[in-house]
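A.B. asks: Sequence and predicted structure below; questions after.
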Amino acid sequence: MNTHHTADYLTSLNPEQRLAVETTEGPLLVLAGAGTGKTRVLTTRFAHILLTNRAKPWQILAVTFTNKAAQEMYKRIENMIDMPMSNLWLGTFHALCTRMLRRHANYVGLTPNFTILDTDDQIRLLKQVIEPWKIDIKRWPLAGLLGEIQRWKDRGLTPQHITPAEDTNFADGHARAIYEAYQTRLLQLNACDFGDLMLHVTEILRLNPDILAQYHTLFRYILVDEYQDTNTIQYLWLRLLAQRQQEQTNICCVGDDDQSIYAWRGAEVKNILRFEKDFPNANIVRLERNYRSTSHILGAATKLVAHNNERLSKTLCSGLVDSDTSIGEKVAVIHVYDSDIEAEFICQQITLFQKQGYSLAEMAILVRAGFQTRSFEEYLVQRGLPYRIIGGTRFYERAEIRDVLAYFRVLIQPADDLAFERIVNVPKRGIGATTLQKIRTTARTINAPLMTTIQHMLDNGTLNKRIGEPLRDLLKLLSDTRDILRDKGHIIGAEHLLEASHYLDMWRQDRSAEAEGRIDNIMELLHAMEEFTDIESFLEHVALVTEKDTPDQEEYLSIMTLHRAKGLEFDIVFLPGWEDGLFPSQHALNRGETKALEEERRLAYVGITRARKQVMIFHANRRRIYTHWQNSIPSRFLKELPEKHVTYRNLNNCLNIQHIQQNDNSDQTSNQTVLIKHSSHFQLGDYVCHNRFGTGVILSIDREHIEVAFETIGTKRIVSSYIKKL
DNA sequence: GTCCGCTCCTTTTTT
DNA sequence: AGGAGCGGAC
């Protein structure tokens, strides 16, 4: 390489980052800890390959998990280089596979315009497929079956691969057969679910060396983001594309085993652990300098995750120099009486931080489970703090949006039976389950799509007037709309469809509170469609996207799950609900395996490392869960936090926020750190034993008074001399 | 076919 | 609390 002049984009990198960027040839694994500049390395590497003329833009395969990550990467690369980037192979696993599958669809019995099903379609299809088995759906929920099939697909297993021994989780071993029937139906419908996108393409590449060779020639460099999250089928796909006979492979995978939090949906940390085996003489670069968090935050997070056994060795240290930031505040662990106080106190703290000059956009509340968000809303509204719950019901999952998209689908793909079934009686046209079943049966015998079947039935007069009339109208409406689409464009066509079908009227007449919002959503959808030239390309886009990107017009506080927070950062992070059974989750505790618990611990690590300046962790004695109150004990993770980076505050005796404020003023100096010293060697979360009450866990410490949750008799306040550590 | 009210359930999420 | 599924009334 020409070294006489070092490019600007390289000089701003630290030595390890630079090594990761400049080691372009051969297999490379980049282990990038939280906040070590992972995205920067990935994008700089991409730009570097282009700028040094190692490859043309379309010769680089760059894979991410989310659309957001792909967009982010694209934007950053675009900013770094000044050349047209056409035909980029930069996208999510699924988007890239869709592109490949449309090219080679015929190899697996599909046509290039196949439909991609969403979860809703999948469930409805399964419901039909499962019919002959007469399975008690109450005992065996369909979601479980779908999960089972998805996990098989994640592992690259087609029905033929599944042995009876592996088919025991659903309805006493019928899942394999149902899976097979489901796949048959998908092909009949010319449709794919998300798993199929990966599965079909991998199958095509595996069985057709000529096709694989084309891609080998095409892709000179492969970049993979979040490698720790890849599942088996994604791994197999990558390995096929990466392992060539003759030349070495220029594959670069970036990941962090400590941030692997998706094993429950099929991700295999193994993939990252065995990289060196898969690609002999692979280089490994570790990015260990963290440029995000204060040393207290970093210290707390790394000590916590160090309790995990299954990890690649990696030591995160601060890359910030002292002048960048002070050592900062210690991580605060705050004990509150209940979840209401927790919510109220956090909202109060947010106001306080605002007064100190922090913007709402730089603060986040990160929860373990979705239901926790509710308690915050009330108090935030009360204080007039703008907030957003990230990832509640997603835009494209709303019923009205799905309805409208289904209307579009039947317009474009008259053979899309699932879409047709969704809209045939919305708004009500008097077509019920019985009629639909009759049509389905006929369709099956003449082997035709539902709409064609209906046309037949109308022609031979098989349908009575009461049913036939509205169906005839619907078919007429659809064919009329196709004409309008052709003559006047997709926006006019879409508007006509939604008016003439009376779909919009249905909501206009709806008196419920949400109806107006639904109409707004539909208008937004139509607006989003303007960026596309036709409905087909819009549907293609929508099938692979869950979120609609709205630019932020105002600053707001973010509330989201820990999973959703991965990859983000904030100045101040609130982590409520650190109690056994919630975090770590009851499911993880029930399983009793270290594996599940270690994933929860990594989630805790992800949570803490989101923060730049301050972390506040909360645990409550009791928590409102839906309707009832549940007593809880502190999370076992709390005692894994290193004392020197943590400060404890006990607000357990405060039943309202006024009390907390008073205590704040009077207790300024004698906070919990001091209290803990008074009460000898006891710590929050310690397991203790009492002569009469048995064993329990310490909930709070107030000098010599210690509150213990006993296993048998509940919570009691005890003087410390009567209990001893287990 | 449609509507109403009863029961049951509730981790995490992307595509 | 809120949604989904189901059975029964009309």
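C.D. replies: Yep, that arrived.
A.B. asks: Now do the strands in the stretch 1-150 of chain A.
C.D. replies: Ranges of strands within the stretch 1-150 of chain A are A:28-32, A:60-64, A:89-92, A:115-116, based on DSSP state E, counting those that start in this stretch.
A.B. asks: closest one to DNA strand B among those strands?
C.D. replies: Each of the strands of the stretch 1-150 of chain A was scored for nearness to DNA strand B using C-beta to the nearest atom of the strand, and the closest is strand A:89-92 (4.5 Å). For glycine as for every other residue, the C-beta is placed from the backbone atoms N, C-alpha and C.
A.B. asks: quick one: that closest one near DNA strand B?
C.D. replies: Yes. Contact of strand A:89-92 with DNA strand B (C-beta under 7 Å from any atom of the strand) involves A:Thr92.
A.B. asks: cool, stretch A:255-271 as well?
C.D. replies: Yes. Judged by C-beta under 7 Å from any atom of the strand, stretch A:255-271 comes into contact with DNA strand B at A:264-265.
A.B. asks: Strands along the stretch 301-450 of chain A, start to end?
C.D. replies: Assignment of strands within the stretch 301-450 of chain A using DSSP E, counting those that start in this stretch yields the ranges A:317-318, A:331-338, A:363-367, A:387-389.
A.B. asks: need those in a markdown table with mean neighbour count and mean pLDDT, can you?
C.D. replies: Listed next are the strands of the stretch 301-450 of chain A as a markdown table, based on neighbours: other C-beta atoms under 10 Å; pLDDT from 0 to 100:
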| stretch | mean neighbour count | mean pLDDT |
| --- | --- | --- |
| strand A:317-318 | 18 | 84 |
| strand A:331-338 | 23 | 94 |
| strand A:363-367 | 26 | 96 |
| strand A:387-389 | 19 | 90 |
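A.B. asks: Of all those strands, which one is nearest DNA strand C?
C.D. replies: Shortest distance between DNA strand C and the strands of the stretch 301-450 of chain A, using C-beta to the nearest atom of the strand, is found for strand A:387-389: 13.3 Å.
A.B. asks: Can I get the strands of the stretch 301-450 of chain A in CSV including distance to DNA strand B?
C.D. replies: Shown next, in CSV, are those (distance: least, C-beta to the nearest atom of the strand, whole Å):
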stretch, distance to DNA strand B
strand A:317-318, 29
strand A:331-338, 19
strand A:363-367, 8
strand A:387-389, 10
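A.B. asks: Rebuild the ones you listed as a markdown table, extending it with distance to A:His174.
C.D. replies: Formatted as a markdown table, those follow (distance: least, C-beta to C-beta, whole Å):
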| stretch | distance to A:His174 |
| --- | --- |
| strand A:317-318 | 53 |
| strand A:331-338 | 45 |
| strand A:363-367 | 37 |
| strand A:387-389 | 38 |
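A.B. asks: What average pLDDT does stretch A:452-461 get?
C.D. replies: Mean pLDDT, stretch A:452-461: 92.
A.B. asks: With only the CA atoms kept, save that stretch in PDB.
C.D. replies: Backbone C-alpha positions of stretch A:452-461 (Å, rounded to 0.1, in the frame of the first residue of the first chain) are rendered in PDB as follows:
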ATOM      1  CA  THR A 452     -60.600 -16.600  -9.300                       C
ATOM      2  CA  THR A 453     -62.700 -19.100  -7.600                       C
ATOM      3  CA  ILE A 454     -65.200 -16.400  -6.600                       C
ATOM      4  CA  GLN A 455     -65.400 -15.300 -10.200                       C
ATOM      5  CA  HIS A 456     -66.100 -18.800 -11.300                       C
ATOM      6  CA  MET A 457     -68.800 -19.200  -8.600                       C
ATOM      7  CA  LEU A 458     -70.400 -15.900  -9.600                       C
ATOM      8  CA  ASP A 459     -70.400 -17.100 -13.300                       C
ATOM      9  CA  ASN A 460     -72.100 -20.400 -12.600                       C
ATOM     10  CA  GLY A 461     -74.400 -18.900 -10.000                       C
END
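A.B. asks: Pull out the buried positions in it.
C.D. replies: Neighbour-count burial for stretch A:452-461, counted by 16 or more other C-beta atoms under 10 Å, picks out A:453-454, A:456-458.
A.B. asks: Can you tell me which of the strands of the stretch 1-150 of chain A is most buried?
C.D. replies: Of all those, strand A:28-32 carries the top mean neighbour count, a mean of 26, counting by mean count of other C-beta atoms under 10 Å.
A.B. asks: what residues does that one touch?
C.D. replies: Residues outside strand A:28-32 that contact it (C-beta atoms under 8 Å, 6 or more residues apart in numbering) are A:20, A:38, A:41, A:227, A:251-257, A:272, A:275-276, A:282-287, A:312, A:314.
A.B. asks: from these, which would you call buried?
C.D. replies: For those, a neighbour count by 16+ other C-beta under 10 Å gives the buried set as A:20, A:38, A:41, A:227, A:251-257, A:272, A:275, A:282-283, A:285-287, A:312, A:314.
A.B. asks: Pull out whichever of the contacts of strand A:28-32 are also neighbours of DNA strand C.
C.D. replies: Answer for the contacts of strand A:28-32 near DNA strand C: none qualify (C-beta under 7 Å from any atom of the strand).
A.B. asks: Out of these, which sit inside helices?
C.D. replies: A:20, A:38, A:41, A:272, A:275-276 (DSSP state H).
A.B. asks: export those to CSV and tack on pLDDT and distance to A:Thr561?
C.D. replies: Shown next, in CSV, are the ones in helices among the contacts of strand A:28-32 (pLDDT from 0 to 100; distance: C-beta to C-beta, whole Å):
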residue, pLDDT, distance to A:Thr561
A:Ala20, 96, 30
A:Lys38, 93, 21
A:Val41, 95, 27
A:Ile272, 90, 23
A:Phe275, 91, 29
A:Glu276, 89, 33
